[in-house]
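*Asks:* Curious how this folds, go ahead:
(chains A and B)
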Amino acid sequence: MAMRHVRIGRLVLVLGALFLVMTIVFALVRSE
Amino acid sequence: MQLGAWVGVYVVMVAAPIGLVLVGQLPEGRGFWVEFGVGLGLVGLAMMGVQFALTARFRRIAGIVGMDSMLHFHRQAGIVATLFVLAHPVILVLADREFLAFFDPRVNLPRAGALTAVTVALLLVVALPLARGRIGLSYEWWRLTHGLLGLFIVLVGLAHVLMVSRYMAVGWKQALWVVFIGAAVALLVNSRLLVPWRAWRRPWKVASVRTEAPDVWTITLEAAGHSGLPFRAGQCIWLTLGPTPFSLQQHPFTIASSAVRADRLELTIKALGDFTSTIGNVAPGTPAFLEGPYGNFTVDLDTLHPAVFFAGGIGITPVLSILRTLRERGDRRPLLLVYANASEAQILLREEFEQLAGELELRVCHVLKQPPEGWSGEVGRITPELIERVLNDFPLANTRYYVCGADSMMDTVETELLRRGVGLHRIHSERFNIV
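*Replies:* Here you go, the predicted structure:
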């Protein structure tokens, strides 16, 4: 696996986690 | 603009739609899990919308990160977006069984049909690229199917958001989502219709096709009545041969000729698939259409950074363009080319490389897997030991590295260069299996 592709994979994972946290914050704000 | 800034733009584009939802008067909350399920759908749809921007072949972005990296990001982000969108109904139904009604044809047939179809489309859009080889789906038909499935998903997604989301009661919020998804659709229309239309107004024609080696040809294209296509040496274009650019047959190739001439381009092509196998039979005079140029496999002509090229087989083509361009510019930077082939007969343009070595500060190191008797060059594959040996007497400070060829060779070289402390920003790589 190309190193650049591995890094892109990691970046996408980090972004996915960020969006998940964002969604959780959205749900928390809305369910208060 | 640097890579970090583009990642920031991506995050803002995905986050903005859900952020806008929270502005202004809001409906009453429905508990954490329902709101979480709704949020997943909105974020997933926003990610799907941005997917269109990633493959819109913006030259500025592709010039920084490279097309190969861009498409890899598109592929990975697409899987994450699909997981978000698929999790949307699952979480909602688990939170409240009432949501099953969305898939119940007895409650609302068109709605249930559309949502079921979009679920199948989501699974197909992820599965088809993985299964394309096994089910014999050609690249051209896959690309068309992929575009149409993507279009269907975002349009149904938009309709769904506008019709059912309680957050969209306000007109301006609806308008913003329409603009957002409309922009994504416009990007698709641009890349599949407007770009070919522009290419149609700047036609090319095949001037000649010559054989370089068994199953390798160089096709020369001449601009027909225009100034041509300015490019940086090492970049690639998408080529369509035939009377119209509105064709499913569009393939990426690296330009092999010098960037000094924009109106006469050479593409050196090896028979690797259905389309490339027919290049030898293309008749001079055949109309051609080009889109591009793309890619960041280029040498900075404003500096004199030394450059080392690792090329395998047909991966030599961008290096050819770079070396030919440097020769015409009288460039005196130190250059090293490590060129790997299976056999001596497969070495392309060997005499020209010898000439280039005489005219540039270039050393050429041939590596053969099956050397002939009396061969004095390197033998075997490009290994860490070989890299160590050839780089030992080459200036290392500020050196830029260029790697193009088979995946296994590229992995070996990239890993070894990183191990030697070369930053990834100094390694340019071009992979052929980008689609």
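
*Asks:* Which residue ranges of the stretch 201-350 of chain B form strands?
*Replies:* B:204-213, B:216-223, B:236-241, B:251-254, B:264-270, B:287-294, B:307-312, B:335-343 (DSSP state E, counting those that start in this stretch).

*Asks:* got it, and the stretch 1-150 of chain B?
*Replies:* With DSSP E, counting those that start in this stretch, there are no strands along the stretch 1-150 of chain B.

*Asks:* show me where pLDDT drops low in it?
*Replies:* Counting by pLDDT under 70, the ranges of the stretch 1-150 of chain B that qualify are B:1, B:59-64.

*Asks:* Once you drop chain neighbours, what's closest to B:Val14?
*Replies:* B:Ala46 (4.8 Å; Cβ to Cβ, 6 or more residues apart in numbering or on different chains). Any C-beta I mention is one placed from the backbone N, CA and C, and that applies to glycine too.

*Asks:* Geometric centre of chain B: which residue is closest?
*Replies:* B:Met67 (3.3 Å; Cα atoms, centre = their mean).

*Asks:* Name whatever forms a beta bridge with the spatially closest residue to that one that is not a sequence neighbour.
*Replies:* Of all residues not flanking B:Met67 in the chain, B:Tyr294 sits nearest, at 5.0 Å (Cβ to Cβ, 6+ apart). Per DSSP bridges, the residues bridged to B:Tyr294 are B:Cys236.

*Asks:* excluding its backbone neighbours, what's nearest B:Val170?
*Replies:* B:Gly24 (6.0 Å).

*Asks:* count of neighbours near the one you found?
*Replies:* The tally of other residues near B:Gly24 (other Cβ atoms under 10 Å in any protein chain shown) stands at 11.

*Asks:* Let me know whether it touches B:Lys173 as I believe.
*Replies:* Yes. Using Cβ atoms under 8 Å as the test, B:Gly24 is close enough to B:Lys173 to be in contact (7.4 Å).

*Asks:* Quick check: can you list the domain ranges of chain B?
*Replies:* Domains of chain B are assigned by automatic domain parsing as B:3-199, B:202-294, B:307-430.

*Asks:* now those as JSON lines including distance to A:Val6?
*Replies:* Shown next, in JSON lines, are the domains of chain B (distance: least, Cβ to Cβ, whole Å):
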{"stretch": "domain B:3-199", "distance to A:Val6": "10"}
{"stretch": "domain B:202-294", "distance to A:Val6": "23"}
{"stretch": "domain B:307-430", "distance to A:Val6": "10"}
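
*Asks:* that older thread, measure the residue nearest to B:Met67 to chain A for me?
*Replies:* Distance from B:Tyr294 to chain A, counting by Cβ to the nearest Cβ, to the nearest Å: 16 Å.

*Asks:* What sits closest to whatever residue of the stretch 301-435 of chain B ends up closest to chain A if chain neighbours are left out?
*Replies:* Using Cβ to the nearest Cβ, the single residue of the stretch 301-435 of chain B nearest to chain A is B:Glu414, 4.9 Å away. Nearest residue to B:Glu414, sequence neighbours excluded (Cβ to Cβ, 6+ apart): A:Met3, at 4.9 Å.

*Asks:* and the residue nearest to the centre of chain B, what does it touch?
*Replies:* Counting by Cβ atoms under 8 Å, 6 or more residues apart in numbering or on different chains, B:Met67 makes contact with B:Arg57, B:Cys236, B:Pro252, B:Tyr294, B:Gly295, B:Ile434.

*Asks:* Now neighbour count too, for the residues you listed, in a markdown table please.
*Replies:* As requested, the contacts of B:Met67 are exported to a markdown table (neighbours: other Cβ atoms under 10 Å in any protein chain shown):
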| residue | neighbour count |
| --- | --- |
| B:Arg57 | 18 |
| B:Cys236 | 25 |
| B:Pro252 | 17 |
| B:Tyr294 | 22 |
| B:Gly295 | 24 |
| B:Ile434 | 15 |
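
*Asks:* Within range of chain B, give me the residues from chain A.
*Replies:* Proximity of chain A to chain B, by Cβ under 8 Å from any Cβ of the partner chain, involves residues A:1-5, A:7-9, A:11-12, A:15-16, A:18-19, A:22-24, A:26-32.

*Asks:* Quickly note the distance from B:Gly41 to chain A.
*Replies:* According to Cβ to the nearest Cβ, B:Gly41 stands 9 Å off from chain A.

*Asks:* doesn't B:Leu83 make contact with that residue?
*Replies:* No. Between B:Gly41 and B:Leu83 there is no contact under Cβ under 8 Å: 11.9 Å.

*Asks:* Name the residue in the two with the higher neighbour count.
*Replies:* Neighbour comparison, B:Gly41 and B:Leu83: the larger count goes to B:Gly41, with 24 against 17 (by other Cβ under 10 Å).

*Asks:* how close does that one get to B:Ala127?
*Replies:* To B:Ala127, B:Gly41 is 21 Å away according to Cβ to Cβ, to the nearest Å.

*Asks:* Also B:Pro105?
*Replies:* Noted for B:Pro105: a distance of 25 Å to B:Ala127, by Cβ to Cβ.

*Asks:* circling back: contacts for the helix or strand containing the residue of the stretch 301-435 of chain B closest to chain A, please.
*Replies:* Assigned by DSSP states H and E, B:Glu414 belongs to helix B:407-419. Applying Cβ under 8 Å, 6+ apart, the contact partners of helix B:407-419 are A:1-4, B:310, B:312, B:340, B:381-384, B:387-388, B:401, B:403-404, B:424, B:427, B:429, B:431, B:433.

*Asks:* Pull out the buried residues from it.
*Replies:* Of the residues in helix B:407-419, those with enough neighbours to count as buried (16 or more other Cβ atoms under 10 Å in any protein chain shown) are B:Met409, B:Met410, B:Asp411, B:Thr412, B:Val413, B:Glu414, B:Glu416, B:Leu417.

*Asks:* repeat for stretch B:207-217
*Replies:* So for stretch B:207-217, counting by 16+ other Cβ under 10 Å, buried means B:Ala207, B:Val209, B:Ala213, B:Asp215, B:Val216, B:Trp217.

*Asks:* Pull the most distant pair out of those.
*Replies:* Greatest spatial distance among those (Cβ to Cβ): B:Ala207 and B:Asp215, at 21.2 Å.

*Asks:* what about the helices in chain A?
*Replies:* Using DSSP state H, the helices of chain A run over residues A:3-31.
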